[in-house]
Each structure stands twice: as C-alpha cells, then as structure tokens.
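Peer 1: Any chance you could fold what I've pasted below:
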Amino acid sequence: MNPVLMTVIFVLSAMSAYAQSQQPNAAKLKGDAENVVKIISGDKLKIQTYCEFADLSDQIEQAIQEQDTQKAKELSEKANEMQRKLGPEFAALADDLKVMDPNSQEGQEIGLILDKLDEFCGD
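Peer 2: Have a look, this model is predicted:
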C-alpha cells in the first residue's frame with residue numbers, strides 16, 4: 001500500500017474516533033487485512049470504490065502539501081464516505097491502524113497485504 005494511502009487511512013480514522021491507549025494485536029490486524037483484501041477483491045463495485053478512494057488519497061496528500069486545508073477537508077469527507085462503502089471490515093481495519101506506526105515492521109507487513117488491492121487499480 002502506498003504510504004500516502006496509508007497516511008490518509010490513518011488521518012480519516014483519527015477523524016472518526018479517538019486513538020485507543022494500547023497497540024492492536026499485529027497478528028489479528030494481518031488477518032483482518034487479508035480478510036479485507038479478500039472481500040474487496042471479490043466485489044467489482046468495491047474494487048472500483050477502493051480505486052477511487054486511493055485516487056482521493058493522492059489528491060488529499062497533494063492538497064495537504066499545497067496547504068489547501070479547505071480542499072483537503074472536502075476530499076477527506078468524500079474519502080470518508082467511500083471508506084464506509086468499502087464495508088465495516090475496511091472501516092474497522094482503518095480504525096485499528098490509526099494507532100499503528102506505518103513505518104514499523106508490522107505496519108509495513110500490513111501495508112504489503114493491502115498493496116494487493118492496488119493491483120486492481122490500473123495506474
């Protein structure tokens with residue numbers, strides 16, 4: 001999973017709830033990530049939504065770099081809606097990932113699992 005997308009998932013998750021005080025179980029998160037990939041990759045509409053979500057993530061990152069907070073906020077709201085359309089499993093995983101360091105070994109392993117979804121997006 002590209003770092004920008006992972007960052008946006010973390011940001012969106014932080015917007016929807018506050019961080020838990022303890023780290024989630026990495027083995028459980030890996031299993032959850034594999035389940036999310038299975039669910040999304042088996043549904044053409046969810047694949048399309050995921051690809052649009054990934055594209056929005058890039059746009060949000062660009063808006064943040066340009067310090068356009070209004071545009072970033074608007075795009076984040078759209079991304080939040082898409083996140084809900086991806087299902088409760090995706091939303092729960094994103095929520096759990098908000099307290100994980102994406103640069104940690106576990107964070108990178110989960111990112112690699114989620115990278116499988118990017119293969120469906122023809123960039």
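
Peer 1: tell me which helix or strand of the protein sits lowest on mean pLDDT?
Peer 2: Lowest mean confidence among the helices and strands of the chain (mean pLDDT, DSSP states H and E): helix 3-16, at a mean of 59.

Peer 1: for D32, what are its contacts?
Peer 2: Taking Cβ atoms under 8 Å, 6 or more residues apart in numbering, we find D32 in contact with 89, 92-93, 96. C-beta here means a position set from N, CA and C on the backbone, and glycine is covered the same way.

Peer 1: Return the list of helices and strands in contact with the lengthiest helix in the chain.
Peer 2: The longest helix of the chain (DSSP state H) is helix 44-65. Applying 3 or more Cβ pairs under 8 Å, 6 or more residues apart in numbering; DSSP states H and E, we find helix 44-65 packed against helix 3-16, helix 26-41, helix 69-85, helix 105-118.

Peer 1: how about these in TSV, adding distance to F53?
Peer 2: As requested, the helices and strands packed on helix 44-65 are arranged in TSV below (distance: least, Cβ to Cβ, whole Å):
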stretch	distance to F53
helix 3-16	8
helix 26-41	10
helix 69-85	4
helix 105-118	9
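
Peer 1: Need the winner for burial among the ones you listed.
Peer 2: Of the helices and strands packed on helix 44-65, the one with the most neighbours on average (mean count of other Cβ atoms under 10 Å) is helix 3-16, at a mean of 19.

Peer 1: can you redo the contacts of D32 as a markdown table with neighbour count and pLDDT?
Peer 2: Formatted as a markdown table, the contacts of D32 follow (neighbours: other Cβ atoms under 10 Å; pLDDT from 0 to 100):
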| residue | neighbour count | pLDDT |
| --- | --- | --- |
| E89 | 15 | 94 |
| A92 | 14 | 91 |
| L93 | 22 | 92 |
| D96 | 19 | 88 |
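
Peer 1: can you list the weak-confidence ranges in the chain?
Peer 2: By pLDDT under 70, the low-scoring segments of the chain are 1-24, 123.

Peer 1: That'll do, ta.
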